[in-house]
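Asker: how would this look folded up:
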Amino acid sequence: MLKRFLWSILIACLSTFLCFVLLHYSKGNVALEGLNTISAEVREQIEKNLNLDKPLFTQYKIWFLKVFKGDFGVSMVSGEKVIDLLKTRLPNTLFLTLSALVFLFVFSIILSLLSLIYKERFIDKMINLLCISFFALPSFALCIIFILIFGVFLQILPISGTSDLGFEEDFFNKIEHLILPVSVLVLSHLAIFVRIGRNALIESFGQNFVLNAFARGLSKKRIYFHFVLKYALNPMIAYFGASALSFIMGAYVVESVFSYTGVGELLIKSIILKDYPVVLALVFISVLLVSFFTFLADFLCGLINPRLDRVVNV
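Answerer: Sure, this is the predicted structure:
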């Protein structure tokens, strides 16, 4: 576990450095943001105040040393502390991601069971067709389709923000704003999870422990839920651990399209404005989140199947 944590920190540091290099050599300058005309003297003074006049490695070193003191710096655009931005936005992103993950697993299991029960029949083919159709669409395109259908034509669901103005503390209002982002996240990943779950369920019926359970005369309900479903959960959870990065990045894109007040929207805006303290902090946190979800997936697999406990400790 310690080894994995140290590797996560190393990968996070390398990722932030690579991101910083890309930002440094990209076109534009945060010192010129919002200023149409500016003299060379004023520009140099702004860059000096923001440490942008220093060499690349020096700038990164200043940020890196601050991070290990618990200081992510200050946004070059808004002037707010990055840690304060994270405190207000990160909970929203976690709420969105975890909600989508719960629904993804529930629907994956239900649809996998239906595909197994009605194997090679009309229901199985319709499930595959719908899942593949949603999977084939990019997440941002699916967002736009949902906005047009439910927000513009039907006007039954909110299409932006985390809550309506004046209802910031209303839990049900927040849930209403979650429906479309969560739906897009679930539908865009559902096809693979259903396919993995279906294949695992089919494979489980050929396992000796399932055949022995049938031979002992155990009830079908107990066999399906205690043996078959338990066996099928492992590959689904393991796949999420392997695809945690793409899932979180997908959540960031969805947040940006729906103007959901999370770190994804903040990350994309900060990249455009070259607000590197915010970008590097979010990349650092994102890598640690991916590492956490990967570890959690391995832990759950080991919990479901104790023989896999050694995987968690690798």
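Asker: residues touching residue 283, list them.
Answerer: Contacts for residue 283 (Cβ atoms under 8 Å, 6 or more residues apart in numbering) come out as 12, 15-16, 19, 267. Yep, even glycine has a C-beta here, placed from its N, CA and C like the rest.
Asker: okay if I get the residues you listed as a markdown table plus pLDDT?
Answerer: Compiled in a markdown table, the contacts of residue 283 are given as follows (pLDDT from 0 to 100):
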| residue | pLDDT |
| --- | --- |
| 12 | 83 |
| 15 | 86 |
| 16 | 86 |
| 19 | 85 |
| 267 | 86 |
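Asker: any low-confidence regions in the protein?
Answerer: Counting by pLDDT under 70, the ranges of the chain that qualify are 1, 27-53, 305-314.
Asker: returning to what we had before: now the contacts of residue 283 as JSON lines including secondary structure, neighbour count and distance to residue 87?
Answerer: Converted to JSON lines, those look like this (DSSP: H, G, I helix; E, B strand; the rest coil; neighbours: other Cβ atoms under 10 Å; distance: Cβ to Cβ, whole Å):
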{"residue": "12", "secondary structure": "helix", "neighbour count": "20", "distance to residue 87": "19"}
{"residue": "15", "secondary structure": "helix", "neighbour count": "16", "distance to residue 87": "22"}
{"residue": "16", "secondary structure": "helix", "neighbour count": "23", "distance to residue 87": "20"}
{"residue": "19", "secondary structure": "helix", "neighbour count": "17", "distance to residue 87": "22"}
{"residue": "267", "secondary structure": "helix", "neighbour count": "24", "distance to residue 87": "16"}
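Asker: and which of these is nearest to residue 149?
Answerer: residue 267 (27.1 Å; Cβ to Cβ).
Asker: now the residue nearest the centre of the chain: which helix or strand?
Answerer: Closest to where the C-alpha atoms of the chain average out (Cα atoms, centre = their mean) is residue 248, at 1.5 Å. Using DSSP states H and E, residue 248 sits within helix 244-257.
Asker: ok, back up a step: reformat the contacts of residue 283 as JSON lines; add distance to residue 129.
Answerer: Formatted as JSON lines, these follow (distance: Cβ to Cβ, whole Å):
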{"residue": "12", "distance to residue 129": "40"}
{"residue": "15", "distance to residue 129": "38"}
{"residue": "16", "distance to residue 129": "42"}
{"residue": "19", "distance to residue 129": "39"}
{"residue": "267", "distance to residue 129": "34"}
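Asker: just the closest of those residues to residue 300, please.
Answerer: residue 12 (22.9 Å).
Asker: so who does residue 80 touch?
Answerer: Contacts of residue 80 (Cβ under 8 Å, 6+ apart): residue 74.
Asker: an error on my part: the question was meant for residue 281.
Answerer: With Cβ under 8 Å, 6+ apart, residue 281 has these contacts: 67, 72-73, 82-83, 86.
Asker: so can I have a markdown table of those residues showing secondary structure, distance to residue 103 and neighbour count?
Answerer: Listed next are the contacts of residue 281 as a markdown table, based on DSSP: H, G, I helix; E, B strand; the rest coil; distance: Cβ to Cβ, whole Å; neighbours: other Cβ atoms under 10 Å:
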| residue | secondary structure | distance to residue 103 | neighbour count |
| --- | --- | --- | --- |
| 67 | helix | 34 | 18 |
| 72 | coil | 32 | 22 |
| 73 | coil | 36 | 19 |
| 82 | helix | 31 | 25 |
| 83 | helix | 31 | 13 |
| 86 | helix | 25 | 18 |
